[in-house]
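*Asks:* Structure for the following, please:
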Amino acid sequence: MTDDRTPPASGSGGCPVAHGEGTTRLYGPGAATDPHAIYARLRGEHGAVAPVLLEGDVPAWLVLGYRENRRVLDNPLQFSRDSRSWRDLLDGRVEATSPLMQMVGWRPDCVSQDGEPHRRLRGAVTDNLYAVAGRGIRRHVTHFANKQIDAFADAGRADLVADFAEYLPMLVLTRVFGLAEREGRSLAESCNQVIKGGADALTHNERIMGLLGELAARKREEPGSDFTSGLIEHHSGLDEDEIVNHLRLVLITAHTTTSNLLARALQLVLTETAWLSGLVSGQLNMSAVVEEVMWNSPPLAVLPGRFATADLELGGCPVKEGDLLVLGLAAGNHDPGIRPDTGVSVQGNASHLAFSAGPHECPGQNIGQAIIETAVDVLLHRLPGLRLAVPPDDLTSTASTWESRLDSLPVEFAR
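*Replies:* So this is what the prediction gives:
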């Protein structure tokens, strides 16, 4: 596949080569085990911006540099979130049924738009997230965390991914949204499949949209003190499509990022004894742990997507109008230009890219932080002598284009 939009590179570390034969794929078996090695190789070959292929061999630019990521995120006039300007889509090179469309395609939600439409829709989301945060999030987390722990506490061992982190955030979200608790596990699995991509992504997305459409209809008839009712009643006057799509947006992003981050935070405290002893002694708090994880293992490794609004240069690369750029949050956090020694702790430095930046910065980060802090606190109090049941080097992760998830976290504890 040849793409004549971009001239060949002048050499290593300069302008990237054209998308074509040999371009690195960010999906499939080759990318599933060690994405950081791929980012490092691309950085060495191309510099701060590299040509890559997404699922379906769709061309994109992966932004690897910290400063370049910030430029894209902070400048919506140059790098729009509106995929209706995506040239490969307009030219018919991307099918409407492509799994990429679940992550990149336009929807009537705040992350798909810029300017005043974005401000109107984001205001409805943020107002209701702030309201939800004041209505007992920590109480909900404590309830469901204890319920999860009750299921394995007598066994003396557990997998803290499958038995705890994988579903806990979604169980909390069922209470926040006004959903039935019984929907929690299947919704978590569907959200994970949408992020993962592949042939089943569309089916799982349709299931999520169906459930949320039913929820919105029910809450119009029977409103309550929940996030769904708040969106319906907000003074911004969201229509039906906007309401359901914002429910989808918050459900998928809040669950997948928080479950991933919770698993990584638990991995850190169980593999680095200084972190665990600091938490138990009270010398450290969970916010310091979460901050460290945000730098080293952000819950979304790659953020979709931005679209160039004009021909421009980024990181020495000539980006053309309508090109898709995806943001390498993990790569940017490890950029040697701003972080030459990744072995040094970043405590007290919150300038990571994990929550994005600019107008589209994640508005729900405080809620995610509350879920993680409360969940870990409950876990440490309930399970005395909690320790890793395997050598740290035995822990594995599996990556998709957008994230890298811990496969399992086997632990033992006193019964």
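*Asks:* So L327 versus Y66, what's the distance?
*Replies:* According to Cβ to Cβ, to the nearest Å, L327 stands 11 Å off from Y66. Where C-beta positions appear, they are placed from N, C-alpha and C, glycine not excepted.
*Asks:* what residues do those two have in common as contacts?
*Replies:* Any residue near both L327 and Y66 by Cβ atoms under 8 Å, 6 or more residues apart in numbering counts here, and that gives L353.
*Asks:* Compare these two (neighbour count), which wins?
*Replies:* L327 (27 against 23; other Cβ atoms under 10 Å).
*Asks:* Report whether the more buried one is found in a strand, as I expect.
*Replies:* Yes - counting by DSSP: H, G, I helix; E, B strand; the rest coil, L327 is found in a strand.
*Asks:* Across the sheet, point out what pairs with it.
*Replies:* V63, L303 (DSSP bridges).
*Asks:* Quick check, it in contact with R306.
*Replies:* Yes - using Cβ atoms under 8 Å, L327 is in contact with R306, at 7.0 Å.
*Asks:* hey, what's in contact with both of these two?
*Replies:* With Cβ under 8 Å, 6+ apart, L327 and R306 have common neighbours V72, L73.
*Asks:* least trustworthy helix or strand in the protein by mean pLDDT?
*Replies:* Ranked by mean pLDDT, DSSP states H and E, the helix or strand of the chain with the weakest confidence is helix 273-281, at a mean of 85.
*Asks:* Which positions in the helix or strand following that one come out as buried?
*Replies:* Going down the chain from helix 273-281, the next helix or strand is helix 286-296, by DSSP states H and E. Across helix 286-296, burial judged by 16 or more other Cβ atoms under 10 Å covers M286, A288, V289, V290, E291, E292, V293, M294, W295, N296.
*Asks:* tell me the mean pLDDT over the helix or strand L212 falls within?
*Replies:* Element membership for L212, per DSSP H and E: helix 201-221. Helix 201-221 comes out with an average pLDDT of 96.
*Asks:* Please name every helix or strand in contact with the one helix or strand Q102 maps to.
*Replies:* If you go by DSSP H and E, Q102 is part of helix 101-104. When contacts are defined as 3 or more Cβ pairs under 8 Å, 6 or more residues apart in numbering; DSSP states H and E, helix 101-104 sits against helix 184-196, helix 201-221, strand 302-308.
*Asks:* and the helix or strand that contains H36, average pLDDT?
*Replies:* Per DSSP H and E: H36 is located in helix 35-46. Averaging pLDDT along helix 35-46 yields 95.
*Asks:* Report the angle between it and helix 286-296.
*Replies:* 50 degrees (axes from the mean of the first three to the mean of the last three Cα atoms, to 10 degrees).
*Asks:* Strand 302-308 and helix 35-46, what's the angle between them?
*Replies:* 30 degrees.
*Asks:* Which SSE is immediately downstream of helix 35-46?
*Replies:* That would be, after helix 35-46 and using DSSP H and E, strand 49-54.
*Asks:* what lines up beside that following strand in the sheet?
*Replies:* When DSSP bridges is applied, strand 49-54 pairs with strand 24-25 (parallel), strand 58-63 (antiparallel).
*Asks:* would a markdown table of those with mean pLDDT be doable?
*Replies:* Below are those laid out as a markdown table (pLDDT from 0 to 100):
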| stretch | mean pLDDT |
| --- | --- |
| strand 24-25 | 93 |
| strand 58-63 | 97 |
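*Asks:* among those, which is the most enclosed?
*Replies:* strand 58-63 (a mean of 26; mean count of other Cβ atoms under 10 Å).
*Asks:* picking that back up, from the chain's centroid, how far away is the helix or strand following the helix holding L212?
*Replies:* Where DSSP H and E defines the elements, the next helix or strand beyond helix 201-221 is helix 227-233. Centre-to-centre, helix 227-233 and its host chain are 24 Å apart (Cα atoms, centre = their mean, to the nearest Å).
*Asks:* To which secondary structure element type does the residue positioned nearest the centre of the chain belong?
*Replies:* Closest residue to the average C-alpha location of the chain: L300 at 3.4 Å, with Cα atoms, centre = their mean. Classification of L300 using three-state DSSP returns coil.
*Asks:* I'd like the numbering to begin with 383 instead of 1 from here.
*Replies:* Got it, the first residue is 383 from now on, which makes the last one we talked about L682.
*Asks:* Make sure it is actually in contact with R787.
*Replies:* No - L682 is beyond contact range of R787, at 10.8 Å (criterion: Cβ under 8 Å).
*Asks:* picking that back up, what's the angle between the helix holding L594 and helix 566-578?
*Replies:* 130 degrees.
*Asks:* Reformat the buried residues of helix 668-678 into CSV and put distance to T635 and pLDDT next to each item.
*Replies:* Output for the buried residues of helix 668-678, formatted as CSV (distance: Cβ to Cβ, whole Å; pLDDT from 0 to 100):
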residue, distance to T635, pLDDT
M668, 21, 87
A670, 24, 89
V671, 21, 90
V672, 17, 91
E673, 20, 92
E674, 22, 91
V675, 17, 93
M676, 15, 93
W677, 20, 94
N678, 20, 93
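*Asks:* Pull stretch 635-647 out as CSV, backbone CA atoms only.
*Replies:* Extracted in CSV, the C-alpha atoms of stretch 635-647 (Å, rounded to 0.1, in the frame of the first residue of the first chain):
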residue,chain,number,x,y,z
THR,A,635,-13.9,5.7,29.3
ALA,A,636,-14.5,5.7,33.0
HIS,A,637,-14.6,2.0,33.4
THR,A,638,-11.8,1.0,31.1
THR,A,639,-9.3,3.6,32.3
THR,A,640,-10.1,3.2,36.0
SER,A,641,-10.0,-0.6,36.0
ASN,A,642,-6.7,-0.5,34.1
LEU,A,643,-5.3,2.1,36.5
LEU,A,644,-6.5,0.2,39.6
ALA,A,645,-4.8,-3.0,38.4
ARG,A,646,-1.5,-1.1,37.7
ALA,A,647,-1.6,0.7,41.1
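*Asks:* If you count neighbours, what's buried in it?
*Replies:* So for stretch 635-647, counting by 16+ other Cβ under 10 Å, buried means 635-647.
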